[in-house]
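Engineer: Sequence first, predicted coordinates after that:
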Amino acid sequence: MTAVDGIYESKLTFYVLACWILAAFGGLMFGYDIGISGGVTGMDDFLIKFFPKVHERKLHAKESNYCKYDDQLLQLFTSSLYLAALVSSFGASKACTILGRKPTILMASTLFMIGAVLSAAADKNWVLILGRIFFGIGVGFGNEAVPVFLTEVAPIKHRGAVNILFQLFVTIGILIAGLVNYATANMHPNGWRASLGLAAVPAIVLFVGSLIITETPTSLVERGKDQAGREALIKIRGVDNVDAEYEQIKMACEQAKLVKYPFKKLMKRSSMPPLIIAIVMQIFQQFTGINAIMFYAPVLFQTCGFKSDASLLSTVITGLVNVGSTFVSIYSVDKLGRRKLLLQACVQMFIAQTAIGAILVVHLKDTGSLNKTLAAIVVVLVCLFVMSFAWSWGPLGWLIPSETFPVETRTAGFAFAVSSNMLFTFIIAQAFLSMLCHMKAYIFFFFSAWILVMGLFVVFLLPETKGVPIDTMVDRVWKQHPVWKKFFSDSEKNFEMA
């Protein structure tokens, strides 16, 4: 038996499990940076050294519950990384195609380590910013290469679960960063240096891992190394009988060679369905309001009476919910499918966001706080929201774009997904605190409206990709969908000489 219903023969081995986990450290690297930035920018030693005016303002400002953190300079420090990642993702796409997925992952870890060293050693603002730029380029390369790597080495029946390891490690990175920040907050005056410098640890693991993991069979065949591709496929499948899958990969790569300019091919009408889906998934991932929820968590825990430990407690609780719920996605994504998880989460997130908004509009004014009962209810709602995001839009925002492009536009198309994610993460990071200051609790209704739109998008426009070989997506998914099949005309060939 070589293939039944598109499921190729394979078995799990220690080596392939090691490849998945080591590559997924690219997610931990990204998650650690997400988590560490917010904590460092709240440390007085850091503010005094690099943003003294912000520190003065923090000491003397009359704080509103909604405006206490509104500062464009600090927002720019945090969000500048995403601009660097946005630009670098297109270079990473080229590296993935020309050099392979494995060298691109190695480059990502190296760049991130340089960022960690510069950031930890910084004595001047320009060195600090340069460190952020290297962090950002490392993130751009890692977020481009790792999800594509995981999708290409995963067996079809486990592809969703394997790809979601990336998001699982992102959530673990965020949790670890929160704990590190708590531990270093009282290490005066250089706690912030320790927080930023420790970013090198996941990068070192990824660097070592990139020397151990195999190149993907698709990448090898795509670059003319057919025999090495077949050997790599045997190695990651754990069986000798890989003929059917190898022939499918080889056929897809031969067709891909006809496309000389993949970015130009992406602009063709027949390439629009996966490109539109990839970009829209990234936009929606950011417009779920996850940033609003995670920002509010410490405030809400504080009103429950947890005072100085509120920030740590909120980090630990929301972090554990985040990590635990991602395991739900790993378990269920290849059983229930992508659409069911996304739709269920839309309902749960909509209810949680609307309820939180209603409670805050009525009971939380510019000054003062919620009573403990209401605060406890909101904390539960926060956990329900984080839970549903973590098993749906969080991981599937990366999974779906990585599995829906044909091989000839896969790295180019995924570069658009990564850059879109970074662009809208930048926009939300830069604008959110100002939006919160002006919209107050009504910001939760703003995100609720987006969740409603997201649900309709999934119902009418998002096809199910569970169990479909990635090299047969065009014929088995896009050309069968009632809307997207209109983008393929009989006269237009699947692949064109550019």
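Structural biologist: Done, it's in.
Engineer: So, low pLDDT: which residues of the stretch 301-450 of the chain?
Structural biologist: 302-309, 366-369 (pLDDT under 70).
Engineer: And the helices in it?
Structural biologist: 310-336, 338-363, 372-390, 393-404, 410-439, 443-461 (DSSP state H, counting those that start in this stretch).
Engineer: helices and strands around the fifth one, which ones?
Structural biologist: The elements that helix 410-439 packs onto, with contact taken as 3 or more CB pairs under 8 Å, 6 or more residues apart in numbering; DSSP states H and E, are helix 72-98, helix 125-153, helix 262-266, helix 272-286, helix 290-301, helix 393-404, helix 443-461. Any C-beta I mention is one placed from the backbone N, CA and C, and that applies to glycine too.
Engineer: Need the contact partners of the third one.
Structural biologist: Surrounding helix 262-266, the residues in contact under the criterion CB atoms under 8 Å, 6 or more residues apart in numbering are Thr97, Val259, Ser271, Leu275, Glu408, Thr409, Thr411, Ala412, Gly413, Phe416, Glu496, Ala498.
Engineer: please redo it, this time with the cut-off set to 6 Å
Structural biologist: Val259, Ser271, Leu275, Glu408, Thr409, Ala412, Gly413, Ala498 (CB atoms under 6 Å, 6 or more residues apart in numbering).
Engineer: Who are the contact partners of Phe90?
Structural biologist: Ala415.
Engineer: returning to what we had before: which of the helices of the stretch 301-450 of the chain sits most buried?
Structural biologist: helix 393-404 (a mean of 26; mean count of other CB atoms under 10 Å).
Engineer: and the angle from that helix to helix 410-439?
Structural biologist: 160 degrees (axes from the mean of the first three to the mean of the last three CA atoms, to 10 degrees).
Engineer: Helix 393-404 vs helix 125-153, what angle?
Structural biologist: Going by the same axes, to 10 degrees, helix 393-404 makes 60 degrees with helix 125-153.
Engineer: what angle sits between helix 393-404 and helix 338-363?
Structural biologist: Using the same axes, to 10 degrees: helix 393-404 against helix 338-363 is 150 degrees.
Engineer: Distance of the closest residue to Phe134 other than its chain neighbours relative to Asp33?
Structural biologist: Leaving aside its sequence neighbours, Phe134 sits nearest to Gly115 (CB to CB, 6 or more residues apart in numbering; 3.4 Å). Gly115 sits at a distance of 8 Å from Asp33 (criterion: CB to CB, to the nearest Å).
Engineer: Between these two, which contacts overlap?
Structural biologist: Joint contacts of Gly115 and Asp33 (CB under 6 Å, 6+ apart) are Phe135.
Engineer: my guess is Leu86 meets Leu423, correct?
Structural biologist: Yes: with contact defined as CB atoms under 6 Å, Leu86 reaches Leu423; the gap is 5.3 Å.
Engineer: ok so, going back, which one of the helices and strands packed on helix 410-439 has the lowest average pLDDT?
Structural biologist: Across the helices and strands packed on helix 410-439, helix 290-301 has the smallest mean pLDDT, namely a mean of 71.
Engineer: how far away is the closest residue to Phe350 other than its chain neighbours from Thr354?
Structural biologist: Once flanking residues are discounted, Phe350 sits nearest to Ile451: 4.6 Å by CB to CB, 6+ apart. Ile451 sits 9 Å away from Thr354, going by CB to CB.
Engineer: can you map out the helices along the stretch 101-250 of the chain?
Structural biologist: 101-121, 125-153, 159-184, 191-197, 200-212, 217-222, 226-237, 243-256.
Engineer: among these, which is nearest Val347?
Structural biologist: helix 159-184 (20.7 Å; CB to CB).
Engineer: For the helices and strands packed on helix 410-439, give me TSV that also has distance to Ser109.
Structural biologist: Conversion of the helices and strands packed on helix 410-439 to TSV gives the following (distance: least, CB to CB, whole Å):
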stretch	distance to Ser109
helix 72-98	13
helix 125-153	7
helix 262-266	25
helix 272-286	23
helix 290-301	26
helix 393-404	18
helix 443-461	33
